[in-house]
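Participant: Fold the following for me, if possible:
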Amino acid sequence: MNNQQYSYTFKTLSGLEPLLEKELIDAGAEEITPVKRGFCFLGNEELMYRLNYTSRYGIRLLVEVLRFEFSNKEDFVKQVKAFEWDTYISTEKTMAVDAVVTTSDLFKNSHYAEQLTKDGIVDFFRNRYGLRPAVDKEFPDMLVNAYINGNECVMSVDSSGESLHKRGYRIAAHVAPLNEVLAAGIIGLSGWKMDSDFVDPMCGSGTILIEAAMLANNIPAGFYRKRFGFMGWQTFKPAMFERVKKEASEKGIEFEYRIIGIDRSDDSLRAAQRNIINAKLNRDIELKSGNFFDIELEKASFLMFNPPYDARMPIENSREYYEKIGDTIKNKLRGSTTWMIVGNEDLWKSIGLKSSKKIPLLNGMIESRLLCFESYSGSKKFDDKLNIETNGKE
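Facilitator: Numbers count the residues shown, from 1 in each chain. I've put the predicted structure just below:
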């Protein structure tokens with residue numbers, strides 16, 4: 001690869017598309033076009049490095065290398081093996097194939113598409129070198145993505161490698177940890193202005209806290225990762241990537257408020273402490289033992305948390321539990337803004353308060369809502385008149 005323009009597809013989680021689009025615009029991507037859970041765009045090689053290293057909301061960044069129509073199995077394999085795959089790896093490196101099939105008369109399942117794609121790549125190397133790369137499904141040097149719709153195939157190489165939600169700081173997890181990209185996403189969707197203390201009163205293993213601290217200090221999302229997919233390619237330019245990392249690190253900022261995590265579980269706090277220390281953020285994040293229902297804050301703050309719900313972490317008397325959450329917000333958090341992500345409609349209705357915002361998201365495969373509750377200090381009552389709802393139908 002050189003300074004020419006390439007066609008990319010950047011995928012994200014459902015509901016985070018507006019955040020990813022802004023990242024792409026800010027990074028200088030061109031001809032941005034929406035696709036399902038992501039965007040196609042044009043950019044150069046340096047942009048690919050920068051997005052992998054800095055994007056908080058992207059999951060996988062694919063580089064399109066081949067697009068063709070096919071009529072049968074033989075035609076498909078012939079066109080795959082016509083591409084010069086040694087642009088990206090040698091016979092000493094490893095490969096893997098991931099396929100997505102929407103509709104196709106030839107491919108009834110993705111496994112068959114993966115097999116034929118692998119056959120075509122192997123044929124290319126054997127014809128040219130008499131050797132072939134080995135398959136490594138866990139950490140391949142080249143991960144090929146085949147997207148098949150009807151009789152058209154788009155083939156890309158995955159520049160990210162492992163999903164970008166694997167930041168590299170998590171070494172300990174307790175019960176049902178939140179995906180790191182989703183944690184960053186709910187902070188981004190909340191519009192937190194970093195002008196107050198940030199509190200996670202059910203912090204678990206600390207993912208929301210760490211993502212908040214990274215945002216507050218402008219630490220790149222890929223700062224802790226040791227490897228990206230493009231690092232295994234023949235085209236990898238270490239000096240260019242080092243320059244991208246240096247430029248991103250020079251943009252650090254100083255956060256003037258506190259980031260506080262509270263949890264009643266000692267196991268959760270120990271896991272959070274390990275992750276926070278691994279991220280070298282132990283001077284930025286405070287941990288306290290405590291129960292949300294007994295919360296006492298020194299001043300109005302910005303709260304965000306991921307409470308347990310039945311599909312994610314079963315709890316006894318769940319409706320009563322959520323009623324108590326509502327009572328606590330109303331009576332103990334006056335002047336503060338509270339956000340929570342909930343994956344059970346009956347439970348979020350049990351809170352008993354009208355949300356000022358309600359944003360649909362997916363937490364894994366669980367349909368969820370990101371809810372905002374705003375209260376006033378002094379003599380004003382809890383704000384139960386606001387009912388602004390994103391995408392407006394609830």
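Participant: In contact with M194, which residues are there?
Facilitator: Neighbouring residues of M194 by Cβ atoms under 8 Å, 6 or more residues apart in numbering: 215-216, 255, 257. Backbone N, C-alpha and C define where each C-beta goes, glycine included.
Participant: from those residues, which would you call buried?
Facilitator: By neighbour count, with 16 or more other Cβ atoms under 10 Å, these hold 215-216 as buried.
Participant: Now go through the contacts of M194 and say which are in helices.
Facilitator: 215-216 (DSSP state H).
Participant: Mind picking the lowest-pLDDT entry from the contacts of M194?
Facilitator: Ranked by pLDDT, the contacts of M194 bottom out at F255 (87).
Participant: hmm, who's touching whichever strand or helix holds S7?
Facilitator: Using DSSP states H and E, the element containing S7 is strand 6-11. For strand 6-11, the surrounding residues in contact (Cβ under 8 Å, 6+ apart) are 20, 24, 29, 35, 37-45, 47-48, 51, 55, 58-64, 156.
Participant: same deal with stretch 77-94?
Facilitator: Residues external to stretch 77-94 that are found in contact with it (Cβ under 8 Å, 6+ apart): 65-66, 68, 70, 95, 116-117, 119-121, 123-125, 127-129, 131-136, 139-142, 153, 155, 157, 232-235.
Participant: Name the residues of it that come out as buried.
Facilitator: For stretch 77-94, a neighbour-count test (16+ other Cβ under 10 Å) marks 77, 79-81, 83, 85, 88-89, 93-94 as buried.
Participant: So which residues of the stretch 101-250 of the chain form strands?
Facilitator: Assigned by DSSP state E, counting those that start in this stretch, the stretch 101-250 of the chain shows strands spanning 134-135, 142-149, 152-158, 198-200.
Participant: hmm, which of the contacts of stretch 77-94 are the buried ones?
Facilitator: Here, 16+ other Cβ under 10 Å leaves 65-66, 68, 70, 95, 116-117, 119-121, 123-125, 132-133, 140-142, 153, 155, 157, 232-233 buried among those.
Participant: Among these, which lie within helices?
Facilitator: 116-117, 119-121, 123-125.
Participant: out of these, which one sits closest to N109?
Facilitator: Checking those against N109 by Cβ to Cβ gives L116 as the nearest, at 11.6 Å.
Participant: Give me the distance between the closest one and N127.
Facilitator: In this view, L116 and N127 are 16 Å apart by Cβ to Cβ, to the nearest Å.
Participant: what's the answer for R60, then?
Facilitator: Separation of R60 from N127 (Cβ to Cβ) stands at 30 Å.
Participant: For P307, state which of the ones in helices among the buried ones among the contacts of stretch 77-94 is nearest.
Facilitator: T117 (43.0 Å).
Participant: shaky segments in the stretch 251-394 of the chain?
Facilitator: Scanning the stretch 251-394 of the chain for pLDDT under 70 picks out the ranges 252, 310-315, 376-394.
Participant: could you pull out the strands for it?
Facilitator: 259-263, 285-289, 302-305, 337-342, 357-363, 366-374.
Participant: Redo those as TSV? Include distance to A279.
Facilitator: Shown next, in TSV, are the strands of the stretch 251-394 of the chain (distance: least, Cβ to Cβ, whole Å):
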stretch	distance to A279
strand 259-263	12
strand 285-289	9
strand 302-305	18
strand 337-342	21
strand 357-363	22
strand 366-374	24
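Participant: Compare those and give me the one nearest T103.
Facilitator: So among the strands of the stretch 251-394 of the chain, strand 357-363 is nearest, using Cβ to Cβ, at 23.2 Å.
Participant: between the closest one and strand 366-374, how many degrees?
Facilitator: Angle, strand 357-363 to strand 366-374, by axes from the mean of the first three to the mean of the last three Cα atoms, to 10 degrees: 150 degrees.
Participant: Distance from strand 357-363 to the middle of the chain?
Facilitator: 15 Å (Cα atoms, centre = their mean, to the nearest Å).
Participant: Give the buried residues for stretch 245-256.
Facilitator: Neighbour counts over stretch 245-256 (16+ other Cβ under 10 Å) mark 245, 248 as buried.
Participant: Report the distance from stretch 215-235 to the chain centre.
Facilitator: For stretch 215-235, the distance to the chain centre is 13 Å (Cα atoms, centre = their mean).
Participant: Same check on stretch 229-249?
Facilitator: Between the centre of stretch 229-249 and the centre of its chain there are 21 Å (Cα atoms, centre = their mean).
Participant: Do a quick rundown of the helices in this protein.
Facilitator: Under DSSP H, the chain gives helices at 17-27, 45-54, 73-82, 110-129, 180-190, 207-216, 238-249, 266-278, 318-332, 345-350.
Participant: Let me have those helices in CSV, extended by distance to E367.
Facilitator: Shown next, in CSV, are those (distance: least, Cβ to Cβ, whole Å):
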stretch, distance to E367
helix 17-27, 16
helix 45-54, 28
helix 73-82, 36
helix 110-129, 24
helix 180-190, 13
helix 207-216, 20
helix 238-249, 34
helix 266-278, 25
helix 318-332, 17
helix 345-350, 8
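Participant: K357: which of those is closest?
Facilitator: Closest approach to K357 among these (Cβ to Cβ): helix 180-190, 8.3 Å.
Participant: can the strands of the stretch 251-394 of the chain go into TSV with extra columns for mean neighbour count?
Facilitator: Putting those into TSV (neighbours: other Cβ atoms under 10 Å) gives the following:
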stretch	mean neighbour count
strand 259-263	24
strand 285-289	17
strand 302-305	24
strand 337-342	24
strand 357-363	19
strand 366-374	20
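Participant: closest one to Y224 among these?
Facilitator: Closest approach to Y224 among the strands of the stretch 251-394 of the chain (Cβ to Cβ): strand 285-289, 14.8 Å.
Participant: ok, of the ones in helices among the buried ones among the contacts of stretch 77-94, which one's closest to F302?
Facilitator: Sorting these by how near they are to F302, with Cβ to Cβ, puts T117 at the top with 47.2 Å.
Participant: contacting residues around the closest one?
Facilitator: 80, 97, 99, 144, 146, 155.
Participant: Next: N3.
Facilitator: Here N3 is in contact with 44-46 (Cβ under 8 Å, 6+ apart).
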